[in-house]
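Student: Provided below for reference: sequence and predicted model.
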Amino acid sequence: MGLRGSSAYHGPGWQPRQGTLVDDVRAGAHWRSYAVDADWAPLRAVALHSPSAERLDQAPPDVLQHLDRVDAAALEMEIDVLAAVYRGLGIEVHMIPPLRVSSLGRSLAGANAMYARDLFWMTPGGAVLSRMASVVRAGEEAQAFALLASIGVPVVRSVSGTGTFEGADALSLRPDLVAIGYGRRTNPQGLAQAAAIAEEQGRHVITVAVPDGVQHLLGVVQVLDEDLLAVRTELVRPEDVAALRNEGFDLLSVAESEEVRERLGFNFVVVGPRTVVMIAGSPGLEQLLTQHGVEVAASIAVPQLLRGAGGIACATAVLSRDRVGGEFR
C-alpha cells in the first residue's frame, strides 16, 4: 500500500470528523459536557476563587478597585460557606487556581479574581474567555483558562485585539436568545466577538446599554424563568426595557432601594427556575421576589465580598446548567 492508500494520507481508512463542537460537548466524549443555554435552568456546576493575602494587600483598596480593605482569611470563609451552600443544593464546585508567581511581575492581577463570573461566559458549545477591561484585572483571564483546561472545557473564543468583554455582561435569556451588555467593561469590539459566537451557534442577540454606575448587565437584569426577568427598570434605558418586553418576557421591576444600591441585594444567583440564593440583609427584595413566586433557597452574609465591590452573583462563575433545548451549531 502506497502513502496515498493509507489513512494517514486520507486513503480509504481516513474518517472525517462529523458534527459540531456543540455536538462534541453534548456527547461528553472529548470534552466535559458542561454547557449553558438558559440562565434560569437548574445550576449544576460553578467555579469560585479566594485570593491570597499577598494579592489582596499589595496596594490600597481604591488602587485595587475595592471599596475597603478585604481580609483574606474572612473572605476565604465566605467563599467556603458559599461553596457549602451550592454543594448542599447538589451543585458541583470547582476552585479557580491562583496565578502562577512567575506570571505576576508587577501586575495587580488576582486581587479581584474572587469575582469569577467576569472571567468567562459559558455557551452551549464551550466558554468565551474574557479580556478584562481594567489594567488592575488584566491577566486574571489566565486563571480562568487554567481551570477550564484542567477540567476539560473548550474555549470557543478568547476575546482579542482591542476588544474587552467580561462574562457578567452576557446572559442566556432563552436557548435561542442572548442579551449582551455594553459599556465600560464590554466595548463594541468585545461585544461583536461575543455576539459572533452566539450567532454562529444559531442564537439571536440583543444588546443592552449598561447604565452608568453599574458594573455589568448582570447588575441590572436577572433571568428568573423562561418568561420572567428581574430588571432595575429605573436604571435601564426605556428602549432596552421595551426590547426585553418585546421578546415576550414579563418584567419584575426592582426599585432603587438602599438594599439594592448599597447592600447589593440584586446580586443574587439563580439556581433554578424561580429559585435564588441571596445575600443576607435584603428583606424588602426577598419579600418582592417571594410575592412573585420566587423561592429563596438560602441567604448568606458576605461582608468581605461587599468590601471588594461585588456580591455572590459576581463571585459565582457559571460552568453548567441543565440544557433546556434548542438547535445549536
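Tutor: Arrived safely, thanks for sending. Source: prediction; values computed, not measured.

Student: Not counting residues beside it along the chain, what's closest to residue 212?
Tutor: Nearest non-adjacent residue to residue 212, counting by CB to CB, 6 or more residues apart in numbering: residue 183, 7.9 Å away. (Each C-beta comes from the backbone N, C-alpha and C, glycine too.)

Student: tell me the contacts of that neighbour?
Tutor: 169, 209-212, 214 (CB atoms under 8 Å, 6 or more residues apart in numbering).

Student: Distance check, it against residue 198.
Tutor: 18 Å (CB to CB, to the nearest Å).

Student: Can I get stretch 159-171 in CSV, CA atoms only?
Tutor: Taking Å, rounded to 0.1, in the frame of the first residue of the first chain, the C-alpha atoms of stretch 159-171 are listed here in CSV:
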residue,chain,number,x,y,z
VAL,A,159,-11.6,37.9,23.1
SER,A,160,-8.8,39.5,21.3
GLY,A,161,-7.5,42.6,19.6
THR,A,162,-8.7,45.8,21.2
GLY,A,163,-11.9,44.1,22.4
THR,A,164,-12.8,44.0,26.0
PHE,A,165,-15.5,41.7,27.3
GLU,A,166,-16.5,40.4,30.8
GLY,A,167,-18.6,37.4,31.3
ALA,A,168,-21.2,39.1,33.5
ASP,A,169,-22.2,41.2,30.5
ALA,A,170,-23.7,38.2,28.7
LEU,A,171,-27.0,36.4,29.7
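
Student: tell me which residues of it are tucked away?
Tutor: 159, 163-171 (16 or more other CB atoms under 10 Å).

Student: okay, among the contacts of residue 183, which ones form the most distant pair?
Tutor: Of all pairs drawn from the contacts of residue 183, the one with the longest distance (CB to CB) is 169 and 212, at 14.8 Å.

Student: returning to what we had before: of all the buried residues of stretch 159-171, which two lie farthest apart?
Tutor: Among these, 163 and 171 lie farthest apart (CB to CB), at 18.6 Å.

Student: what would the buried residues of stretch 159-171 look like in CSV with distance to residue 289 and secondary structure?
Tutor: Shown next, in CSV, are these (distance: CB to CB, whole Å; DSSP: H, G, I helix; E, B strand; the rest coil):
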residue, distance to residue 289, secondary structure
159, 33, coil
163, 35, coil
164, 32, coil
165, 29, strand
166, 26, coil
167, 24, helix
168, 20, helix
169, 23, helix
170, 23, strand
171, 18, strand
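
Student: thinking again about what came up before, considering the contacts of residue 183, which possesses the most neighbours?
Tutor: residue 169 (30 neighbours; other CB atoms under 10 Å).

Student: Just the pLDDT for it.
Tutor: Residue 169 is assigned 98 on the pLDDT scale.

Student: likewise residue 26?
Tutor: The model reports residue 26 with a pLDDT of 86.

Student: so who does it touch?
Tutor: Residue 26 neighbours (CB under 8 Å, 6+ apart): 33, 35, 323.

Student: and stretch 317-329, how far out from the chain's middle?
Tutor: Computed by CA atoms, centre = their mean, to the nearest Å, the separation of stretch 317-329 from the middle of its chain amounts to 13 Å.

Student: ok, now stretch 283-301?
Tutor: That offset, for stretch 283-301, works out to 21 Å (CA atoms, centre = their mean).

Student: shift numbering so it begins at 46
Tutor: In the new count, where the first residue is 46, that last one comes out as stretch 328-346.

Student: Can you list the buried residues in that stretch?
Tutor: For stretch 328-346, the neighbour count (16+ other CB under 10 Å) marks 330-331, 333-334, 339, 341, 343-344 as buried.

Student: Filter those residues down to the ones in helices?
Tutor: 330-331, 333-334 (DSSP state H).

Student: ok, and for stretch 237-255, which residues are buried?
Tutor: 237-240, 242-243, 245-246, 248, 250, 252-253, 255.

Student: Quick check: end-to-end length of stretch 339-359?
Tutor: 20 Å (CA to CA, to the nearest Å).
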